[in-house]
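Q: here is my input, please return the structure:
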Amino acid sequence: VQLQASGGGLVQPGGSLRLSCAASGFASEHYGTGWFRQAPGKEREGVSCISGRDGSTSYDDSVKGRFTISSANAKKTVNLQMNSLKPEDTAVYYCAAADDPYLCDYGMAYWGKGTQVTVSS
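A: Residues are numbered from 1 along each chain as shown. From the prediction side, this is the model:
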């Protein structure tokens, strides 16, 4: 299994970015995918997850109403649309996946390389 994250960059406060996570190597399309982030000096935290079985989603309170997770390309790509970005959203964002379609924590078995998101004026 391989996960390839893309879409990070520098954006001004209030701006938007879309992160994408392309997955390959899964035997089934019913796997769970999530986004996590780690800011300098802080622990990695969960941002959002989506189930490949029923499309159910979850969000951390800090991003509710601003971020939207979705799947595309026959569920092989998971996107994270980030709107109304704040400086505190600055972090390295990682996508992760698990064979369990409802797992959404650090126990997910597969992790991609991170992509940097910087929110600054």
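
Q: for residue 77, give its distance to residue 62.
A: For residue 77, the distance to residue 62 (CB to CB, to the nearest Å) stands at 24 Å. All C-beta atoms are positioned from the backbone trio N, CA, C, and that covers glycine.

Q: then residue 104?
A: In terms of CB to CB, residue 104 sits 15 Å off from residue 62.

Q: hmm, back to that, can you pick out the residue with more neighbours from residue 77 and residue 62?
A: residue 77 (16 against 13; other CB atoms under 10 Å).

Q: enumerate every residue touching that one.
A: Residues in contact with residue 77 (CB atoms under 8 Å, 6 or more residues apart in numbering) are 20, 21, 22, 23, 71.

Q: now, these that are in helices?
A: Counting by DSSP state H, no part of the contacts of residue 77 is found in helices.

Q: among these, which one sits closest to residue 40?
A: residue 21 (22.2 Å; CB to CB).

Q: setting aside sequence neighbours, what's the nearest residue to that closest one?
A: residue 95 (3.4 Å; CB to CB, 6 or more residues apart in numbering).

Q: sec struct for the one you found, please.
A: Of the three states, residue 95 takes strand under DSSP: H, G, I helix; E, B strand; the rest coil.

Q: how about the most centrally placed residue in the chain, what does it touch?
A: Taking CA atoms, centre = their mean, the centroid of the chain lies closest to residue 35, which sits 2.4 Å from it. Neighbour list for residue 35: 19, 21, 46-49, 69, 78, 80, 93-96 [criterion: CB under 8 Å, 6+ apart].

Q: who does the closest residue to residue 70 other than its chain neighbours bridge with?
A: Once flanking residues are discounted, residue 70 sits nearest to residue 79: 5.2 Å by CB to CB, 6+ apart. Beta bridges link residue 79 to residue 20, residue 70 when assigned by DSSP bridges.

Q: what pLDDT is listed against residue 79?
A: Note on residue 79: pLDDT of 96.

Q: how many residues are close by it?
A: 18.

Q: just to revisit the earlier point, please list only the buried members of the contacts of residue 35.
A: 19, 21, 46-49, 69, 78, 80, 93-96 (16 or more other CB atoms under 10 Å).

Q: can you lay out those residues as JSON lines showing distance to residue 12?
A: Listed next are the buried ones among the contacts of residue 35 as JSON lines, based on distance: CB to CB, whole Å:
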{"residue": "19", "distance to residue 12": "17"}
{"residue": "21", "distance to residue 12": "24"}
{"residue": "46", "distance to residue 12": "25"}
{"residue": "47", "distance to residue 12": "20"}
{"residue": "48", "distance to residue 12": "22"}
{"residue": "49", "distance to residue 12": "28"}
{"residue": "69", "distance to residue 12": "23"}
{"residue": "78", "distance to residue 12": "25"}
{"residue": "80", "distance to residue 12": "19"}
{"residue": "93", "distance to residue 12": "18"}
{"residue": "94", "distance to residue 12": "23"}
{"residue": "95", "distance to residue 12": "24"}
{"residue": "96", "distance to residue 12": "28"}
